[in-house]
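Trainee: would you be able to build a 3D model of this:
(2 chains)
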Amino acid sequence: MVFSSNIFLLYFMPAFFLVYFLTPKKVRNYVLLLASLIFYAWGAPEFIFQLVGSTVANFFLVKWMCKTEKKGLKKLLCGLSIIIPIGLLVFYKYGNFTMENLNAILGLTGHAPLTWKHIMLPIGISFFSFQSVTYTLDTYRGVNQPMEKLTDFVLYITMFPQLIAGPIIRYCDVADQIRSRESTMDDRLQGFFRFVIGLCKKILIADVIGAQVDAILGPANFSLLNAGQVSDIFTRVAALDSTSAWIVSLAYTFQIYFDFAGYSDMAIGLGRMMGFRFPENFDNPYTSRSITEFWRRWHMTLGAFIMNYLYIPLGGNRKGKGRMYFNLWVCFLLSGLWHGASWNFVVWGALHGLFICADKLFLGKVMKKIGTVPSVILTFLTVNIIWVFFRIEDFGLAWLLIKRMFAFDFAWLPFGGNAQLYVTMIVAALFSFLTLTKFGQKVQEKAYFTVFTDRQSIAVWIVAACAFVFCVAALNATSFSPFIYFRF
Amino acid sequence: MKKHFYAILCGILAVVLFASLIQKATHLFSFPKLKGVEVPAPMPSLSLKSYTDGSFQSGTEAYLKQHFGFREPLLRCYNQYLWDFYGKTYVTRGILIVGKDGWLYEPWAVDDYYQTHFHKHAQNADLMKQQLAKEAKRVNQLQHILEPYGCHLFACIVPSKDLICPEHLPDKPVTNYQDTTRMSARFFLEEEYTRLGVNHLNLEHYFLRIKDTIDYMPFPKTGTHWSKYAALHAADTLVRYMEHLGGINMQNVIVGPRTLTDVQEPDNDLESLLNLIRPLPNFKYYYASATTDNDSTADRPRLLTVGDSFWWNIANQVPLNNIFSSYPYWYYNSTIYYDKANHSVKDVDLVHELLTSDFVNLFYSTTQLYKMNNGFTKKALMALCYDPEEIDAAFGRIEKGIRADSAWLGKLEERAKNEGKELDAVVHGTAQWLIDTYPENYFPALNDSIPTKRSKLAQSYLDMDSTAFVEMEVQKIIREIKGNPSQMASVKEKAEKNNKTLEQAIRDDAVWIVKRRLERGDLQIPNKDRSHKPKQQ
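Mentor: Got it, this is the predicted structure:
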């Protein structure tokens, strides 16, 4: 189940909050747990048992780990507790990728390929596996005590607002809230407002822009297309003028941000309605002055995870400069791979790693010198070009698009003057760069973090309710495509 | 106070969240239905299999997209917003393109004008030409086979909006196809028809010729079909053509006095798909009613029309019952209209329908020509040239061949498993596809320029042999009984009761059914005179 669907917006969410708020506080965690399991089982019924099973196993392993005094056993249990979720992640997410590459190597060396059955990827596995790891390691390190109740731990892992697409919540950030939390009327109103902001980002911006991107570039994964369809996509991209090529790449840059940030906003908003304070996941990443800063603002919970559980354990910057660059590269290569099991993600991660190292070497200083606006523009354009490799799995096509961008063959108002696309992209740009100004920062502060006065609450309520209704209308109108008569 | 204030706000918020559910459950408010036809998404049934394979979930979500409270006003509001702000509609993704000056077109009409339409349906233009040439040959074969039966087959090519009103088309095709070997079926098919001598009436020429001299709009601004008024004139031309083709005298179509009024349905059929709140500003259009001249000496032939939706504006306006003795309409060669006995093409006796018709009209608009008469000509040729037993035998051979090929069978087994079907059904479906796609490979007579082979049933119509005809019908019923387990069980019971062999009991039942049909007039023995003399009123 995804948030931007009728079943969630019109059925699951209202029903859940009705039951949740009508039940006594003591029971609410159970209501949330049950709803989360239903939420997951709706979209991935075949994996619910793996999710619950691995979570339960981890709970008892960590409990045992905390009880034992033997250091060796403690380490062993800690390792086991990490291997279970990471093993599942590696198996499900990288099984196909590994086999495809292995067979490619076997093919090159003249050996027969191995046969295997295509493995389905359980939705959200990248997120709940990492959360499970944070629990184990934080407990092992003594940052927090283990959960006492199994249901609380299962709830931490499976809580539906963040189960599918994050934010990745460290156990220590939310442990107390799971045990006890308050949800005021103001929380509910602000949470709903935040949820609607996310919904608008997703439906009114990301989906609108994404439709144009998909119309040109086709689906991200070409494995579902036949040779003719792939050839059509290449032909389309080769025929793009430079303006169109830039619009397509910029459109994707905005699409991925508003899609992902929108989802995070919805998750944070839903959590807030129940009294949870989930960590922020995005902080205006396109206003960054360098790639290093970009990674402090983009998918912040993933950045924090990589920093705490990968970069620092690898030695961070404590073992000399050479090792630091190596560690950074490893982190970004793995970060790329975490986003998807395909070589284009590895390249995407490697390019980011490259620019981070360059920042440390010289680029950071250059960016500081040239001033805010030029450095923001340069960083944004760099990120924009690197996103091409994220979006397009086929390197040939990605390179073709980049070549078209730099063909200097510009045209006026391509895509038939699609006003909705242009207006939406302008709105997206406005929201992306608004916080470069003080006024923008104030607006953001007000919308996201301020406690509203009574009058503001009324205004916020009206805006949120109207926007919610408008989003539901947009969500359904885009798929409504009737015929005049039945055709055969 | 503050607590109450927030409680009220949250309460109202809850009402907003539940509003759709409440409306769905109570239908408290009523709204005009959305216009257009959607493929209905039924509520799927829940089972362990449908749940675990995800079909229940996806089916439910599709169902909920079509069934939620306040759907109609919400969609209309959003459509109006898109239209007012961007002059755009999401309906464009399926069926509608906004041209210049607010003129609406169907996307395939735009593509057809720019000759990029066929690339969606064939890998390249040469392949498409081969297929069209084959179809033209089939139409020619069918025309010649039907001639001795007094049945005149002709193709009526109806122009789409793009050809008559290209000045309002968008500047580019909808399809971003870059192939330079563009083509359109209408050019090629007409060339082939002319070369082969196929009877055809191209109304595109008619409308282009008169376009600058008429004061009415052949195509409405916000509709896809020819205007109702234009269709009346086209009907008159069509009747004249049939008179010429059959050498007979038919009722004249008389177009009554016209009035200039606001647009009427279905002249705004594309606009209605926009599902807006406010109607679009539109032109005034001429409308008139049609009658016939009540000529008592006129012939009333039987017309069988196989075609697309352009026929509606003729069928719904012209009193066809005055002109024709019967006029069944096989819509896309699938659903049957204006025929009390039959509703679906798959249930009719094709040979009987063809050989009792005086005219067979292949009536397709230019954008639908690539559909090659929706398989009508292939099926008709097979039925006229081959006996059902021969067709069954061809199926048997193909299925045997499939089963003997382990690689092929393996693939079909996998497909059967994925689609949750029986292997036998998938094998049969594959054989059906092969026969439908390449009939000439399995029925060699169809490769002749004009096949001389006839099925026994078709031959019996030629010979006017009523005994042979009745025997054909009896054999047909016997096959039907044998293919129906419940009927077979009942016949078995009768056979035991009356101490007959099963074969005898089946035959007795079949003879009884044929007799009943003949008595009731559902079945008619071919009339020796029919093929030469049109029916009298």
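Trainee: phi, psi of the closest residue to chain B within the stretch 101-250 of chain A?
Mentor: Using Cβ to the nearest Cβ, the single residue of the stretch 101-250 of chain A nearest to chain B is residue A:185, 3.2 Å away. (Glycine included, C-beta is placed from N, CA and C.) The phi and psi values for residue A:185, taken as degrees, to the nearest 10, are phi -60, psi -40.
Trainee: burial check on the spatially closest residue to residue B:298 that is not a sequence neighbour, number of neighbours?
Mentor: Leaving aside its chain neighbours, residue B:298 sits nearest to residue B:251 (4.7 Å; criterion: Cβ to Cβ, 6 or more residues apart in numbering or on different chains). By other Cβ atoms under 10 Å in any protein chain shown, 23 other residues sit near residue B:251.
Trainee: how about residue B:363?
Mentor: Neighbours of residue B:363 under the rule other Cβ under 10 Å: 24.
Trainee: which residues sit against the helix or strand containing it?
Mentor: Using DSSP states H and E, residue B:363 sits in strand B:359-365. Residues outside strand B:359-365 that contact it (Cβ atoms under 8 Å, 6 or more residues apart in numbering or on different chains): B:139, B:142, B:146, B:151-160, B:238, B:242, B:245-246, B:301-308, B:310-311, B:354, B:371, B:373, B:376-377.
Trainee: can you rerun that using 6 Å?
Mentor: B:152-153, B:155-156, B:158, B:160, B:242, B:301, B:303-308, B:310-311, B:373 (Cβ atoms under 6 Å, 6 or more residues apart in numbering or on different chains).
Trainee: just how off-centre is it within its chain?
Mentor: For strand B:359-365, the separation from the chain centroid amounts to 11 Å (computed by Cα atoms, centre = their mean, to the nearest Å).
Trainee: and stretch B:424-444 with chain A, contact?
Mentor: No - figure legend: stretch B:424-444 not in contact with chain A (Cβ under 6 Å from any Cβ of the partner chain); closest approach 13.8 Å.
Trainee: give the rounded mean pLDDT of that stretch.
Mentor: What stretch B:424-444 shows for mean pLDDT is 92.
Trainee: residue A:228: neighbour count?
Mentor: Using other Cβ under 10 Å, residue A:228 has 10 other residues around it.
Trainee: before we move on, what about residue A:449?
Mentor: Residue A:449 has 10 neighbours, counted by other Cβ under 10 Å.
Trainee: that older thread, next step: the contacts of strand B:359-365 restricted to helices.
Mentor: residue B:242 (DSSP state H).
Trainee: near chain A, list only the ones from the contacts of strand B:359-365.
Mentor: Among the contacts of strand B:359-365, no residue sits close to chain A (Cβ under 6 Å from any Cβ).
Trainee: restricted to strands, list the contacts of strand B:359-365.
Mentor: Judged by DSSP state E, the contacts of strand B:359-365 include B:152-153, B:155-156, B:158, B:303-307 as members of strands.
Trainee: check contacts around residue A:146.
Mentor: Here residue A:146 is in contact with A:62-63, A:66, A:139 (Cβ under 6 Å, 6+ apart).
Trainee: three-state assignment of it?
Mentor: Under DSSP: H, G, I helix; E, B strand; the rest coil, residue A:146 falls in the coil class.
Trainee: from residue B:66, how far out is it?
Mentor: 48 Å (Cβ to Cβ, to the nearest Å).
Trainee: for the chain, which helix is longest?
Mentor: Let's take chain A. Criterion DSSP H: the longest helix present in chain A is helix A:71-108.
Trainee: my question was about chain B
Mentor: Chain B, longest helix under DSSP H: helix B:2-26.
Trainee: in the stretch 401-537 of chain B, where is pLDDT below threshold?
Mentor: Along the stretch 401-537 of chain B, segments meeting pLDDT under 70 span B:464-465, B:526-537.
Trainee: how about chain B?
Mentor: Ranges of chain B meeting pLDDT under 70: B:1-3, B:90-95, B:116-124, B:173-183, B:464-465, B:526-537.
Trainee: what residues does it put near chain A?
Mentor: B:6, B:9-10, B:16-18, B:20, B:36-38, B:51-52, B:57, B:61, B:64-65, B:68, B:74-75, B:77-79, B:86, B:88, B:90-91, B:93-95, B:176, B:178, B:269, B:273, B:309, B:332, B:334.
Trainee: keep only those of those residues that are in strands.
Mentor: Among these, none falls in strands (DSSP E).
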